[in-house]
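Chemist: structure for this input, please:
(one chain, ligands or ions: 2)
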Amino acid sequence: MMNRVPGVIESMKQSKVIVISPIGNIPSWITEIVAKKVKKFFGFNTLIKPVLTDISFAFHRGRKQYHSTQILEHLAREAPPGTVKILGITDEDLFIPILTHVYGEAQLDGTACIISISRLVRGTGVDIIDTGSSRIVKEAVHELGHCFNLRHCKDAMCLMHYCRKLEDVDKKISQFCRYCDIILTDSIKSMESNRIK
Ligand SMILES: [Zn+2]
Ligand SMILES: [Zn+2]
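Modeler: Ligands and ions are numbered 1, 2, ... in the order given. Below is the predicted model of the structure:
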């Protein structure tokens, strides 16, 4: 009986997937490294599957950017059966009305999140594979963390720290702090107990 809870969590992790959903032409090395790292951080299997091809509904003519909140609603609706969370990856620039741009957005404790790679790979030049992919993975895990009910963290080294600039993203290490790690584990446990009620 002692390991009853971990056992139940393992069963959910085997039956549910985190969907990595490229929107438009996202290079496969990006979706593949994100899928691999997401599996490592959250313990769920991942599935690379495009569910949205056209996001013109979210385009803002004045700003020439895409309103991420609107895309999240569509991603959540189009998520295939068995989805625990879905992460969209776009190369279009994203915004929410109160900010000039965002690297990503998530439904807090919800199903969908999205990241834009457009600013994350900027200025990386030949270093795109290392610096670019490290930034993309950090932002992907950050947004998925919100879907698992994690809030922003004051620890500048933690993946859940809010970053305004690329220098802030580069400063973070690819880890949750101990506090966020505990909240994440609790969040996954409570998802499972809600599911079997
Ligand atoms: Zn955030
Ligand atoms: Zn933290």
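Chemist: for residue 152, helix, strand, or coil?
Modeler: Secondary structure, DSSP: H, G, I helix; E, B strand; the rest coil: residue 152 is coil.
Chemist: pretty sure it is in contact with residue 158, am I right?
Modeler: No - assessed by CB atoms under 8 Å, residue 152 is found out of contact with residue 158, at 9.2 Å. All C-beta atoms are positioned from the backbone trio N, CA, C, and that covers glycine.
Chemist: the helix or strand of the chain with the lowest mean pLDDT: what's the following helix or strand?
Modeler: Using mean pLDDT, DSSP states H and E, helix 4-15 stands out as the lowest-scoring helix or strand of the chain, at a mean of 66. Downstream of helix 4-15, the first helix or strand assigned by DSSP states H and E is strand 17-23.
Chemist: so which bits of this structure are right by ligand 2?
Modeler: 153, 155, 158, 160, 177, 180 (CB under 5 Å from the ion).
Chemist: could those go into JSON lines alongside secondary structure, pLDDT and neighbour count?
Modeler: Written out in JSON lines, the entries for the residues of the chain next to ligand 2 read as follows (DSSP: H, G, I helix; E, B strand; the rest coil; pLDDT from 0 to 100; neighbours: other CB atoms under 10 Å):
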{"residue": "153", "secondary structure": "coil", "pLDDT": "98", "neighbour count": "20"}
{"residue": "155", "secondary structure": "coil", "pLDDT": "97", "neighbour count": "15"}
{"residue": "158", "secondary structure": "coil", "pLDDT": "98", "neighbour count": "21"}
{"residue": "160", "secondary structure": "coil", "pLDDT": "98", "neighbour count": "22"}
{"residue": "177", "secondary structure": "coil", "pLDDT": "98", "neighbour count": "18"}
{"residue": "180", "secondary structure": "helix", "pLDDT": "98", "neighbour count": "21"}
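Chemist: so what's the residue nearest to residue 90 when sequence neighbours are not counted up against?
Modeler: Nearest residue to residue 90, sequence neighbours excluded (CB to CB, 6 or more residues apart in numbering): residue 23, at 4.3 Å. Taking CB atoms under 8 Å, 6 or more residues apart in numbering, we find residue 23 in contact with 50, 52, 53, 55, 71, 88, 89, 90, 92, 114.
Chemist: any of those buried? List them.
Modeler: Applying 16 or more other CB atoms under 10 Å to these, the neighbour count classes 50, 52, 55, 71, 88, 89, 90, 92, 114 as buried.
Chemist: what's the lowest-pLDDT member of the contacts of residue 23?
Modeler: When those are compared by pLDDT, residue 53 scores lowest at 91.
Chemist: now residue 42: how far from residue 120?
Modeler: Using CB to CB, to the nearest Å, residue 42 is found at 20 Å from residue 120.
Chemist: more neighbours, those two?
Modeler: For residue 42 versus residue 120, neighbours defined as other CB atoms under 10 Å are more numerous around residue 120 (26 against 20).
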